[in-house]
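Student: Give me the fold of what follows.
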Amino acid sequence: MSASIDMLREMASSNAKMAIKMERKGNLDEAIVYYYRAITALKKLIKMEERKSIRKIYEDRLKQYAKRVLELLDMVKRDSTVKISGTEEKSELRRMVKEAILVEKPDVKWEDIADLERAKEALMEAVIWPLKRPDLFKGSRRPWKGVLLFGPPGCGKTLLAKAVANSVNATFFIVDSSVILSKWLGESEKIVKELFRMAREKQPAIIFIDEVDAIASARSVNEHDAIHRVKTVLLAEMDGLYAKPDERLLVIGATNMPELIDPAFRRRFEKRIYVPLPSFDARKEIFKIHLQGVNISDDIDFNKLAELTEGYTGHDIALLAREAIMRPIRELARSGLLDQKDAKPRPVRMEDFIAALKVIRPSVSKKEIIKYEQWARMFSSG
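Tutor: Got it, this is the predicted structure:
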């Protein structure tokens, strides 16, 4: 069983436990957040699980959690007797957005990202050029309004989005889908509108929605009305119904589950860019990036390391490097010298990486990679 399935199972379990805990404490809005996150993880598990008996268990739990969310939503709605209006409502919405959204000026440069040249070129054309020279991108040459970065987890999608924002000195809004669909679920559509309004105030701006499949998943007749309204508002905002012709606002979505994206959202992500596993040269570069400032031995063979880590994500390689460079520290601790300030760990050797390879395994299976490549062939436009 792949590490990603284990991770999703743990995510579903831990969030469900937190939901029950919050519910017992009377924090119904917080319970809804955790139930929704558990549901999101279960949806992914159902897609990935091949065994019918196990899949049936996940489906039953999903239905159970979804039913409880609807019950809690009704309870919250009945208890919500305090009305906020006018200036107070606007101030409250802005507070909610600030709590849910991280606004920053990223300090990530293109050279901080190993390889991914094809994705970088596609982003340059789709994002950088229009934002730098808006005078050239008008009429039929109008800039893209939505970009979807899809591919295995841990391959640099978030870094690419941050590098884009840094390249054009844009304000970067980082959105957590599960937070938008959280304790303010009844007001979520207003929060989405306020988010886009704030982004327009700080143009050029980039709204980055991580795990966008959570909020842009396929719509269904059984979907709760509050969630359906949020999706409708987001679709309208992305469609530019409230935008001005010279607006410099871009929505970048990132997902590890592109097959869950609703066709209407897929259409609005005009550029769909595949971010694959790192290539041989990229893996070498990633090792070098994560070993900067570390005392390493001359016997380290970066070509060999890149060869041994085929199928690893960038995040996997980062974990592998961390495991290897910890080995000299552990030896220092076992020898009882860790407390001595003048005691220095030995250089990191090739044998440390060989040992680390036995501990850190790839987090993405070959079957999952085939799935991404198939989706890329069908829908990629980068």
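Student: Strands along the stretch 1-150 of the chain, start to end?
Tutor: 101-104, 146-150 (DSSP state E, counting those that start in this stretch).
Student: any weak-confidence spans in the stretch 101-250 of the chain?
Tutor: 101-105, 177-187, 221-224, 226, 240-246 (pLDDT under 70).
Student: show me where it has helices.
Tutor: Secondary structure of the stretch 101-250 of the chain (DSSP state H, counting those that start in this stretch): helices at 117-123, 129-132, 157-167, 177-180, 188-201, 225-238.
Student: Dump those to JSON lines, plus distance to residue 368 and mean neighbour count.
Tutor: Using the backbone N, CA and C atoms, a C-beta is placed for each residue, glycine as well. Output for those, formatted as JSON lines (distance: least, C-beta to C-beta, whole Å; neighbours: other C-beta atoms under 10 Å):
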{"stretch": "helix 117-123", "distance to residue 368": "19", "mean neighbour count": "18"}
{"stretch": "helix 129-132", "distance to residue 368": "33", "mean neighbour count": "18"}
{"stretch": "helix 157-167", "distance to residue 368": "15", "mean neighbour count": "23"}
{"stretch": "helix 177-180", "distance to residue 368": "21", "mean neighbour count": "21"}
{"stretch": "helix 188-201", "distance to residue 368": "31", "mean neighbour count": "20"}
{"stretch": "helix 225-238", "distance to residue 368": "26", "mean neighbour count": "19"}
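Student: Reformat the ones you listed as CSV; add distance to residue 372.
Tutor: As requested, the helices of the stretch 101-250 of the chain are exported to CSV (distance: least, C-beta to C-beta, whole Å):
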stretch, distance to residue 372
helix 117-123, 13
helix 129-132, 27
helix 157-167, 12
helix 177-180, 20
helix 188-201, 28
helix 225-238, 23
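Student: do you know which of these lies nearest residue 70?
Tutor: With C-beta to C-beta as the criterion, residue 70 lies closest to helix 225-238 of the helices of the stretch 101-250 of the chain, at 9.7 Å.
Student: just so I know, which of the helices of the stretch 101-250 of the chain lies nearest residue 301?
Tutor: For the helices of the stretch 101-250 of the chain, the distance to residue 301 is smallest for helix 117-123, at 24.4 Å, taking C-beta to C-beta.
Student: Need the residues that contact that closest one.
Tutor: Helix 117-123 is contacted from outside by 110, 113, 147, 149, 156, 160, 163-164, 271, 273-275, 382, using C-beta atoms under 8 Å, 6 or more residues apart in numbering.
Student: still on that earlier bit, can you check which of the helices of the stretch 101-250 of the chain gets nearest to residue 365?
Tutor: The closest of those to residue 365 is helix 157-167. By C-beta to C-beta, the value is 18.7 Å.
Student: and the angle for the closest one with strand 146-150?
Tutor: The directions of helix 157-167 and strand 146-150 differ by 140 degrees, with axes from the mean of the first three to the mean of the last three C-alpha atoms, to 10 degrees as the criterion.
Student: helices or strands next to helix 157-167 in the packing?
Tutor: Using 3 or more C-beta pairs under 8 Å, 6 or more residues apart in numbering; DSSP states H and E, the elements in contact with helix 157-167 are helix 117-123, strand 146-150, strand 171-176, strand 205-210, strand 249-255.
Student: With distance to residue 318 added, can I get these in CSV?
Tutor: As requested, the helices and strands packed on helix 157-167 are exported to CSV (distance: least, C-beta to C-beta, whole Å):
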stretch, distance to residue 318
helix 117-123, 18
strand 146-150, 19
strand 171-176, 20
strand 205-210, 18
strand 249-255, 18
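Student: closest to residue 365 out of those?
Tutor: Closest approach to residue 365 among the helices and strands packed on helix 157-167 (C-beta to C-beta): strand 146-150, 16.8 Å.
Student: Name the nearest residue to the residue nearest to the spatial centre of the chain, ignoring sequence neighbours.
Tutor: Closest residue to the average C-alpha location of the chain: residue 210 at 3.3 Å, with C-alpha atoms, centre = their mean. Excluding the flanking residues, the one nearest residue 210 by C-beta to C-beta, 6 or more residues apart in numbering is residue 254, at 5.2 Å.
Student: next one: residue 9
Tutor: Closest residue to residue 9 apart from its sequence neighbours, by C-beta to C-beta, 6+ apart: residue 45 at 6.4 Å.
Student: got the contact list for that neighbour?
Tutor: Residue 45 makes contact with 5, 8, 9, 12, 58, according to C-beta under 8 Å, 6+ apart.
Student: Any figure for the gap between it and residue 61?
Tutor: Distance check for residue 45 against residue 61: by C-beta to C-beta, to the nearest Å, it reads 9 Å.
Student: Please enumerate the shared neighbours of those two.
Tutor: Jointly contacting residue 45 and residue 61 under the rule C-beta under 8 Å, 6+ apart are residue 12.
Student: and residue 109, how many neighbours?
Tutor: Residues near residue 109, counting by other C-beta atoms under 10 Å, number 12.
Student: go on, residue 263?
Tutor: Counted with other C-beta under 10 Å, the neighbours of residue 263 add up to 10.
Student: With the one 4 residues further on instead?
Tutor: With neighbours defined by other C-beta under 10 Å, the count for residue 267 comes to 13.
Student: returning to that earlier point: so for residue 302, which of the helices of the stretch 101-250 of the chain sits nearest?
Tutor: helix 117-123 (19.1 Å).
Student: how far out from the middle of the chain is the closest one?
Tutor: Here helix 117-123 is found 19 Å from its chain centre; the criterion is C-alpha atoms, centre = their mean, to the nearest Å.
Student: And the residue nearest to residue 270 when sequence neighbours are not counted, its phi and psi?
Tutor: Leaving out its chain neighbours, the residue that sits closest to residue 270 by C-beta to C-beta, 6+ apart is residue 144, at 4.8 Å. Residue 144 adopts backbone torsions of phi -70, psi 140, taken as degrees, to the nearest 10.
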